[in-house]
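> Quick one, structure for this:
(chains A and B)
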Amino acid sequence: MAECHPVAFRWVMEAKNRGATIIHVDPRFTRTSAVADLHVPIRPGSDIAFLGGLVRHVIENERWFKEYVLHYTNASTLVGERFRDTEDLEGLFSGFDSKSNSYDPETWSYDGVDGVVPAAGHKEVYAEKGAGKESLHGANILERKTDPTLQDPRCVFQILKRHFSRYTPEVVAETCGIPEPLFLEVAETLCRNSGRERTGAFCYAVGWTQHSVGVQYIRTASILQLLLGNIGRPGGGIMALRGHASIQGSTDIPTLFDLLPGYLPMPHSLLPDRGLEQYVKNNRSPSGWWSEMPKYVVSLLKAWFGDAATRENDWGFDLLPRLSGNHSHMTTVSEMADGKVKGYLVVGENPTVGSMHGSLHRKGLRKLDWLVVRDFALTETAEFWRTAPEIARGEVRTEDIQTEVFFFPAAAHTEKDGSFTNTQRCLQWHHRAIEPPGDCRSDLWFVYHLGKRLKRLYADAPGPNAEAIRALTWDYPTKGKDEDPDAEAVLREVNGFTIRDGRPVAGFKELTDDGATACGCWIYSGCYKDGVNQPARRRPQSEQHWVAPEWGWSWPANRRILYNRASADPEGRPWSERKRYVWWDAEKGAWSGYDVPDFIPDRPPSYRPPPGAEGLATLSGDDPFIMQADGKGWLFAPSGLLDGPLPTHYEPEESVLENPLYPQQCNPARMEWHRADNPYHRAFGDPRFPYVVTTYRLTEHHTAGGMSRWLSWLSELQPEMFCEISRELAAEKGLANGRWATITTARGEIECRVLVTERMKPLRVKGRTLHTIGLPYHWSYVGRVRGDPANELIPFVADPNVSIQESKALTANIRAGRHSLGRRSATDGLELRQPEPPRAPPPRDLPGIRTAHRHPPTEPRK
Amino acid sequence: MQRMGFFTDTTLCIGCKACEVACKQWNQLPDDGFHFTGMSYDNTGMLGASTWRHVAFVERAAELPGQGSPRDGVEGGARAFGELFPAGQPGPTSLLGHDIQPTHLETPVALGPTERALGKFSWLMLSDVCKHCERAGCLEACPTGAIVRTEFGSVYVQPDVCNGCGYCVSACPFGVVDRREEDGRAWKCTLCYDRLKGGMVPACAKACPTASIQFGELEDLRARARRCVEQLHARGVAEAHLYGEDAASQPGTEGLHAFFLLCDRPEVYNLPPDPVVPTAKVVRSWRSMAAGVLSLAALAMGAVFSARRA
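The predicted model follows:
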């Protein structure tokens, strides 16, 4: 965190100064470890085993927060009889289909409840199945069976206990390389720091997410924090440290392919003839806060299509584009490389450096008809046709590339108005300090004027696309000679307003499903309350109380801590004076507190839903997790995830170890791309690639370098690509500090400098020594400082839930000296392949599992 | 004359180098070239004509006391940021100091005896800078009067007066002053004289995210620094000590206007253990020379007299 979020880390340092204990879990000893109380080195890719070990420790030693767990989680809920755990099926859950390589989650359901619509995640799994099925979606959620004694073997608590029973300290030691006493010290420190009087927080970044089982890493942390009572309370929580300014904003008002603003699911073309009604039926939860969804959908459609959205045309629902499959990043790029994608718009991103398998990206770019890049500098993505290594080496000729490349210089954040949403969901406005130079324009300017031109272009054109473009409201006022759209006008639309008089609404509770309101993103509703730009508020902390509600604005409803009903006990009293935050005020008959209560304001703790209740009425007075269909924190996720209701340790796609926990080696539902240009190593023990590689960022550079490698003051601080290795690995491979090394995978080979450091230590696992090679990934072939990009080494492989890449754990080889010929599997095909070892490769999957993926490569071998 | 300065607390430094970049940006200093040193994360190397802040990274085969050590019984809340920043410095604000509930002060949870997998290891970081010595060798050595003591108590090289003789370079016991090859003149940290004139704090202190670099009145900083040392001692960091905080502790410079809190011997951070301004020895050397001349004269006289007698 000190490495990549030094400014946020000031608060960690303040917490430390006030007595907090800082534990840092990382394969490397970093700048964070340097100031932490405890550094815990871990084998890359083994965090679920570590966190699972903590879960087991908490359960087995009775350290869980009993009242919190019993009332606020689904611990007591019974799961259906047909559910089978990984304990029963050698590392698989029930419901795996080896034809589609996916799970059918039906058997994970609560006992007697057909299906529960998840608050987040994959609703479409249920949507497709549920089409036309009246009883789906747990209309009877209130009738779910529970065992408050937590003794029933089918209750979530017992399933959880059994599932994690094998994650013992010994197993943690041999999976993660963490010595038992160190593990126990972490476990006890966490336990001692939880309960009524204390809370602990987890902070994570892509070291947890970028794995083929990444989502389940976060799930394990959630389970642990729920067991310890650390969610919805001050000083608790799980913080996702985002990689750029406003990455949080770009998921809220999404740049993701499968979401509409405010985490509304994107409609799917698999149900082409069904309109808004079916969409709502499939995605709305009959219980909990997602029962309000129709108001948010209709208001969004009114914001986008204005007068063209009428009750008669389903508020313009059919004007929305439809998903036709997975359109995530790697899928799109591989289809691009196969010539199936014609155009590509790259805004403020440098995927040939920052994303996996850069040469496969460039191969994709070469097959495009057109490419648009908007950035500060001519990045590698903009320059792929001119100076890429394969062109320098003569393997590809510029004149053979037919892609038309457009480059638009972009304005920096100091040169435009707008908001950042930070990791705590706090929106903060930034004002333009200076005019952008020359032809540089803001992204808002670009999108607005592109829309204007499209509207002109399609003014008389036939077809549904043209109709949608014509219907789009696109009337933002502009400012200045460049006709820059007014960012506050966009914020106003995001906030929402009444159709009748255009008055900004005060929050999402004012939104309706009858077309009377418009709102661009329901969770942001209230950010322009009273016509005031709330994110622009900068009232100093010294002039308000410690929660500082008037600094910026947090979604939803300016709540600073989500699910803060959980900061009070079931009767609505603070768990302790020390951790007082939100409580029930019986005199006023309302929830009160330092923060905006995240609950129905006047619902008393004693409220219980009457039989047959629907919508918000289903939420009991002790249901803090109001977005969930059952109001409870999910220790066990009966729906929403594609790779299991509970986290399970699977090894990365490429590992040095056989899975110490289960016969199933890898995440059975992972996404793979079987292509000649995307070869994989053996599942484990590949003698050609005996070392673990992990990638990361340095404080001195920013991601793929577009904001740092062109700036001398930053470039001089980390001027060259290097690898970090231990003294032991250096001795083993004859690598010398400051000299060169060549690192190889089946995808490519790179050269870099060697930094031998005590901060990298080999781990001892079962008497074996495991070495990790650390690679920062900032450099590439243009810019002021250059070097080989680490991401050229990494294959396309992904987590099934969110299609995120696996870049934090893979295997490679290293040798001393400069031996790279710059070979890449995407240009050289099989030439790069080293002879396969004679013995049969170890299996990635159990026999009979994922047979459908054993098809031949999609491209003919050269 | 005001007496302003820096207190750099190395226990708060996270090595982000924001101070280096903020300094170069404000003062529009050129880069020093792009060289990979292989010395931990330090590719800057040292202070120089165009590097007025330098973060040193020390990989040390010794544990940092306080890391992984029991923190039982240590009063929390003692070193909150609001307190660390002297009044007037618009640095990070603290949750403390206002109507915060006292219940929100953390009493630390004890760590047990630690089994640290890395063994005895720590990574020390220190942001180095011109010390603006109370008795400044560079100022005393400067023959043109280019180096002056400003109204803020800082030592300032006037570039329009400097003739590039370089006497200051050899007169600095810390190796701070450096001549720029292009123009031959001497350059170093100005304590952001221009920013101070405008009522702002120096760029490095402004940019420091963790209050490792604190700017303020020297007397305030000293009191603050001594409190920090006491608190670190209470936490078990017995090695914590101040470097150059006053004349008593560092007679050779008569005290530094930019002093440090260290957790190891100064030479570990590449600081001289007992710096002495060379000009401090001028009187003594003149005396010795006079004595030498006198004794030579006496010898010569003696020789003459004895020769005459013979």
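
> Identify the residues contacting the spatially closest residue to B:Trp123 that is not a sequence neighbour.
Nearest non-adjacent residue to B:Trp123, counting by CB to CB, 6 or more residues apart in numbering or on different chains: A:Ala34, 4.0 Å away. Where you see a C-beta, it was placed from the backbone N, CA and C, and this is true even at glycine. For A:Ala34, the contact set (CB atoms under 8 Å, 6 or more residues apart in numbering or on different chains) comprises A:Ala2, B:Ile14, B:Gly15, B:Leu64, B:Ser122, B:Trp123, B:Leu124, B:Met125.

> Specify which member of the residues you listed is nearest to A:Arg739.
Using CB to CB, B:Trp123 comes nearest to A:Arg739 of the contacts of A:Ala34, at 22.5 Å.

> Give me the sheet partners of the host helix or strand of the closest one and which way each runs.
In this assignment (DSSP states H and E), B:Trp123 forms part of strand B:122-129. Here strand B:122-129 is paired, per DSSP bridges, with strand B:53-60 (antiparallel).

> Can you pull the phi and psi angles for the most centrally placed residue in chain A?
Central residue of chain A (CA atoms, centre = their mean): A:Thr209, 6.3 Å from the mean position. Backbone geometry at A:Thr209, expressed as degrees, to the nearest 10, gives phi -90, psi -30.

> Distance check, it against chain B.
Per CB to the nearest CB, to the nearest Å, A:Thr209 is found 23 Å from chain B.

> so who does that residue touch?
Neighbour list for A:Thr209: A:Val215, A:Tyr217, A:Ile218, A:Ala240, A:Asp799, A:Val802, A:Ile804 [criterion: CB under 8 Å, 6+ apart].

> was I right about the first one contacting A:Ala798?
No. Using CB atoms under 8 Å, A:Val215 is not in contact with A:Ala798, being 10.7 Å away.

> Can you check which residues contact both of the two?
Joint contacts of A:Val215 and A:Ala798 (CB under 8 Å, 6+ apart) are A:Ile804.

> Of the two, which one has the most company?
Taking A:Val215 and A:Ala798 together and counting by other CB atoms under 10 Å in any protein chain shown, A:Ala798 has the greater number of neighbours (27 against 21).

> Over to the residue in the stretch 401-550 of chain A positioned nearest to chain B: give its phi and psi.
Distances between the stretch 401-550 of chain A and chain B by CB to the nearest CB are smallest at A:Trp546, namely 4.5 Å. Dihedral angles of A:Trp546 (phi, psi; degrees, to the nearest 10) stand at phi -70, psi -20.

> Surely it and A:Tyr594 touch.
Yes. Applying CB under 8 Å, one finds A:Trp546 in contact with A:Tyr594, separated by 7.3 Å.

> Just want to know which of those two has more residues nearby.
Neighbour count, other CB under 10 Å: between A:Trp546 and A:Tyr594, A:Tyr594 has more, with 20 against 15.

> Domain map for the chain?
In the absence of a named chain, chain A is used. A:121-134+A:259-324+A:426-436+A:465-561, A:329-411, A:671-853 (automatic domain parsing).

> not quite, I wanted chain B
Domain segmentation of chain B under automatic domain parsing yields B:4-93+B:111-276, B:279-310.

> can you redo the ones you listed as JSON lines with mean pLDDT, mean neighbour count and distance to A:Arg362?
Shown next, in JSON lines, are the domains of chain B (pLDDT from 0 to 100; neighbours: other CB atoms under 10 Å in any protein chain shown; distance: least, CB to CB, whole Å):
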{"stretch": "domain B:4-93+B:111-276", "mean pLDDT": "87", "mean neighbour count": "19", "distance to A:Arg362": "25"}
{"stretch": "domain B:279-310", "mean pLDDT": "86", "mean neighbour count": "10", "distance to A:Arg362": "62"}
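
> can you redo the ones you listed as JSON lines with distance to A:Asp514?
Converted to JSON lines, those look like this (distance: least, CB to CB, whole Å):
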{"stretch": "domain B:4-93+B:111-276", "distance to A:Asp514": "46"}
{"stretch": "domain B:279-310", "distance to A:Asp514": "86"}
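
> Now render the domains of chain A as a markdown table, adding mean pLDDT.
Converted to a markdown table, the domains of chain A look like this (pLDDT from 0 to 100):
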| stretch | mean pLDDT |
| --- | --- |
| domain A:121-134+A:259-324+A:426-436+A:465-561 | 91 |
| domain A:329-411 | 95 |
| domain A:671-853 | 92 |
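
> quick one: which of the ones you listed is nearest A:Ala459?
Comparing these by CB to CB, domain A:121-134+A:259-324+A:426-436+A:465-561 comes nearest, at 7.0 Å.

> distance of the residue nearest to the centre of chain A from A:Gly774?
Noted for A:Thr209: a distance of 18 Å to A:Gly774, by CB to CB, to the nearest Å.

> now A:Trp290
Taking CB to CB, one finds A:Trp290 at 42 Å from A:Gly774.

> give me the residue from the stretch 1-150 of chain A nearest chain B.
A:Gly19 (2.8 Å).

> Show me where the stretch 201-310 of chain B has its strands.
Assigned by DSSP state E, counting those that start in this stretch, the stretch 201-310 of chain B shows strands spanning B:213-217, B:241-243, B:258-262.

> coming back round to it: okay, and the residue nearest to B:Trp123 sits in which element?
Per DSSP H and E: helix A:31-35 holds A:Ala34.

> just checking, A:Glu67 is part of a helix?
Yes. Per DSSP: H, G, I helix; E, B strand; the rest coil, A:Glu67 lies within a helix segment.

> Next, the contact list for A:Phe164, please.
Here A:Phe164 is in contact with A:Gly52, A:Val55, A:Arg56, A:Ile59 (criterion: CB under 8 Å, 6+ apart).

> Using CSV, lay out those residues together with distance to A:Asn350 and neighbour count.
Formatted as CSV, the contacts of A:Phe164 follow (distance: CB to CB, whole Å; neighbours: other CB atoms under 10 Å in any protein chain shown):
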residue, distance to A:Asn350, neighbour count
A:Gly52, 36, 29
A:Val55, 38, 28
A:Arg56, 42, 22
A:Ile59, 45, 19
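
> Mind checking which of the residues you listed are in helices?
A:Gly52, A:Val55, A:Arg56, A:Ile59 (DSSP state H).
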